[in-house]
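[1] Sequence first, predicted coordinates after that:
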Amino acid sequence: MAKTILVRHGETEWNRADIFRGRIDVELNETGIKQAELLGEYLSDRDIEAIYSSPLKRALRTAQAIAKYHRLDVQTNSGLIDMNLGEWEGLSRPVVAEKYKDVYNQWMTHPEKVTIPGGESLAEVRQRAVALIDEVTARHKGTVVLVSHRVICKVLTCTLLGLDDSHFWNIEQGNCGMTTFLYENGQFILTEHNNTSFLKPLQKKPLGDF
């Protein structure tokens with residue numbers, strides 16, 4: 001039975017500081033590295049057929065922490081790269097909320113209607129991410145891990161549940177959170193969402209959905 005595991009990358013300093021990341025290649029911080037290692041250990045006894053990752057370092061290092069237990073090469077794919085946040089990249093959330101007030105307010109209430117200035121819309125994210133899901137589903141019959149970013153994981157979760165992008169804020173995905181779908185008879189079935197139980201040894205409160 002095919003299984004797809006969506007994983008968000010581990011923590012970065014820009015997560016902690018509420019800075020929009022997008023395509024800027026931010027590294028995992030010390031906590032993020034430990035999160036990735038714990039995730040790798042948690043998945044070490046799973047029978048994993050393939051691991052795909054966003055090419056950005058924070059996702060790739062998270063994916064590599066999983067792959068080392070399975071003698072697999074991580075396959076990078078641009079369909080999993082973070083949302084292009086255009087003019088927002090590198091800015092803090094308060095700065096964006098003030099400088100782009102109208103767009104930011106719409107992003108927080110009707111994200112499906114927004115194209116980030118100089119960046120992407122959720123519809124564009126969905127198009128490229130779904131293309132990858134179609135490719136992976138056709139190619140693999142076992143368990144596949146997709147390591148990506150908050151926005152991509154949330155959009156894919158909505159998509160596989162048959163929800164449109166207006167439900168974006170109804171989905172939460174913490175750092176290193178795992179969401180698992182079975183694929184059976186042409187249908188995706190959610191079996192777990194945002195699982196971070198394996199991070200308990202860190203004894204740290206999760207940062208939440210940013």
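    Structure's in. What do you need? Residues are numbered from 1 along each chain as shown.
[2] And the pLDDT at the one residue sitting closest to the centre of the chain?
    By CA atoms, centre = their mean, the chain has its centre lying nearest to His149, at 2.8 Å. Looking at His149, its pLDDT stands at 98.
[3] wait, what's in contact with it?
    Counting by CB atoms under 8 Å, 6 or more residues apart in numbering, His149 makes contact with Arg8, His9, Arg21, Ser54, Leu56, Arg58, Ala59, Leu80, Ile81, Asp82, Met83. (C-beta placed from N, C-alpha, C; glycine too.)
[4] What separation is there between Arg93 and Met108?
    10 Å (CB to CB, to the nearest Å).
[5] More neighbours: these two, which one.
    Counted by other CB atoms under 10 Å, Arg93 and Met108 do not tie: Arg93 has more neighbours, with 14 against 11.
[6] Name the nearest residue to that one, ignoring sequence neighbours.
    Among residues not flanking Arg93 along the chain, Asp18 sits closest, at 4.4 Å (CB to CB, 6 or more residues apart in numbering).
[7] got it, and Leu28?
    In space, Leu28 is closest to Gly10, 4.8 Å off (CB to CB, 6+ apart).
[8] Confirm for me that the one you found is in contact with Ile33.
    Yes. In terms of CB atoms under 8 Å, Gly10 counts as a neighbour of Ile33; the distance is 6.6 Å.
[9] overlap in contacts of those two?
    Arg61.
[10] who's more crowded, the two?
    Using other CB under 10 Å as the criterion, Gly10 and Ile33 rank with Gly10 on top: 28 against 16.
[11] Would you mind giving the secondary structure of that one?
    Under DSSP: H, G, I helix; E, B strand; the rest coil, Gly10 falls in the coil class.
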